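Student: dropping the sequence and predicted coords here.
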Amino acid sequence: MIIRESYLKKIRKFIDEEEIKVITGLRRSGKTYFLKQIINELKQRGLSDSNIIYLPLESARYDKIKTHEDLNELVFKEAEKIEGKIYLFFDEIQLVQDWQKSINAYRIDLDADIYITGSNSQILSGELATLLSGRYVKIEIFPFSFNEVLDYHKMKGGEISADDEMRIFNEYMKYGGLPRTLNFNEEEKIDYLNDIFSAIVLKDIISRNKIRDVVFLERLIKYMIVNTGGNFSVNSIRNYLKHEGISVSTNTISNYLRQIEDAYILIKSRREEIKTKKIFTTNEKYYCIDSGFYEIQTGFNKSRGRILENIVFLELLRRNYKISIGSIDGLEVDFVCRKPNKTIYIQVSESILDEDTRNREFKSLEKINDNYPKYILTLDNWDYSRNGIIHMNVIGFLKDEDI
């Protein structure tokens, strides 16, 4: 089992604190394993099994737990047997109706350290956000990073050569980082990705939101994934669908896009005017949560440039950057990345061996008049760094977690 140290670092400071730990993310991205890693860490600190209540709510053992009243009956009964602090772990809490009422009650009624996971960003909306205002911390779990994939292969086979690393990266571009895919052959990977994708669409979008126009939903998802990293507005999407013979309102498109985001299939990034830092709400970009989903939606019509941009975007999110799409003097900067006391700018291109392409990619970064680091990431092995702008191979960037 790969130890997800970057996430453990985030959560350690909140262990035994009053904040409810909310762990969200895509189905099968590793939330359950991460929950178990927290439990293992607590045990290493000397915590007894008897102080832990762990409820994997997708298990058939808990089929009868339908409502928060059912959950309360079980938890309070188990809590009576425990001396000292109780550690509560609820996996896929959204399966329990009105679960938020229970979680808030346990924080008040029990001496408890509480951890919950959910596969939908809506678990932090509405009533929960009101009840737990200022009393929770959210950690989003992503599919494996490239470094985590490398760690997996090192665990299996030891040292990795440069050729092995390139082969592993090509597989990562194609099949993504969902943990279970690493155990499968090529055919099994595709079947697994299709199964997971279908489950997310059915359970986290169609069933949860009572979607009626399933055909439209599927067309919209495919269009957005195939064009990942492209500039979108609701009107441009509506015009495309109209051209395809599908007539829907902009309001319907907006609602469906929000539901797709809530299921963690797509992640939105807004546009920013770099000189003024003004954020725009039009011509946004959407990225896919895993390049494996891009693979199963695109077939033979793939863009390595889009995949690379998507991989870099996800890696920047893992590193806790707030990301916007930059605009300066009519030119685009792929990513403006900020976190406390740090700003970087990034361009992503499959290659800049062609001089015209190289000049175009450098031009927008050269217009930024500040001293923050600027990077161009490609698959090239030549170094074209100039004017303080660093040109890196994208694999080097992914491996260097200090950037």
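Tutor: That came through fine. Numbers count the residues shown, from 1 in each chain.

Student: pLDDT value on Leu131, please?
Tutor: Among the per-residue scores, Leu131 shows a pLDDT of 62.

Student: kindly report the same for the one 10 residues further on.
Tutor: pLDDT, Ile141: 95.

Student: please report the distance of the residue nearest the centre of the chain from Asp91.
Tutor: Taking Cα atoms, centre = their mean as the criterion, Phe142 is the residue nearest the geometric centre of the chain, at 4.0 Å. Distance, Phe142 to Asp91, using Cβ to Cβ, to the nearest Å: 18 Å. For every residue, glycine as well, the C-beta is placed using N, CA and C.

Student: any idea what Gln347 is bridged to?
Tutor: On the basis of DSSP bridges, Gln347 is bridged to Ile376.

Student: these two touch, right, it and Tyr384?
Tutor: No: using Cβ atoms under 8 Å, Gln347 is not in contact with Tyr384, being 11.7 Å away.

Student: mind listing the shared neighbours of those two?
Tutor: With Cβ atoms under 8 Å, 6 or more residues apart in numbering applied, the overlap between the contact sets of Gln347 and Tyr384 consists of Ile376.

Student: give me the more crowded residue out of those two.
Tutor: A direct count of neighbours by other Cβ atoms under 10 Å for Gln347 and Tyr384 places Gln347 higher, at 25 against 16.

Student: for Ala300, give me the pLDDT.
Tutor: Rather than Ala, residue 300 is Phe. Reported pLDDT at Phe300 in the predicted model: 72.

Student: what residue ranges in the protein score low on pLDDT?
Tutor: Screening the chain residue by residue with the criterion pLDDT under 70, one finds the ranges 121-122, 124-134.

Student: longest strand in it, please.
Tutor: If you go by DSSP state E, the chain has its longest strand at strand 278-288.

Student: what residues sit buried inside it?
Tutor: Taking 16 or more other Cβ atoms under 10 Å as the neighbour-count basis, strand 278-288 is seen to contain the buried residues 284-288.

Student: got it, and stretch 219-236?
Tutor: For stretch 219-236, a neighbour-count test (16+ other Cβ under 10 Å) marks 219-221, 223-229, 232, 234 as buried.

Student: measure that stretch end to end?
Tutor: With Cα to Cα, to the nearest Å as the measure, stretch 219-236 spans 15 Å from end to end.

Student: centre of the chain to it, how far?
Tutor: 18 Å (Cα atoms, centre = their mean, to the nearest Å).

Student: for the remainder of this discussion, apply numbering that starts at 2.
Tutor: Renumbered: residue one is now 2, and that last one reads stretch 220-237.

Student: please look at Lys340 and Asn321 and confirm they touch.
Tutor: Yes: in this structure, Lys340 sits in contact with Asn321. The criterion is Cβ under 8 Å, and the distance is 5.3 Å.

Student: ranges for the strands of the protein?
Tutor: For the chain, strands defined by DSSP E occupy the ranges 21-26, 53-57, 87-92, 113-119, 137-142, 232-233, 267-274, 279-289, 323-329, 332-340, 343-349, 375-379, 391-394.

Student: okay, now the sheet partners of the fifth one, with direction.
Tutor: Right, the one you point to is strand 137-142. strand 21-26 (parallel).

Student: the domain parsing of the chain - what is it?
Tutor: Using automatic domain parsing, the domain ranges for the chain come out as 6-142, 148-400.

Student: so Pro374 makes contact with Val337?
Tutor: No: between Pro374 and Val337 there is no contact, the gap being 12.0 Å when judged by Cβ under 8 Å.
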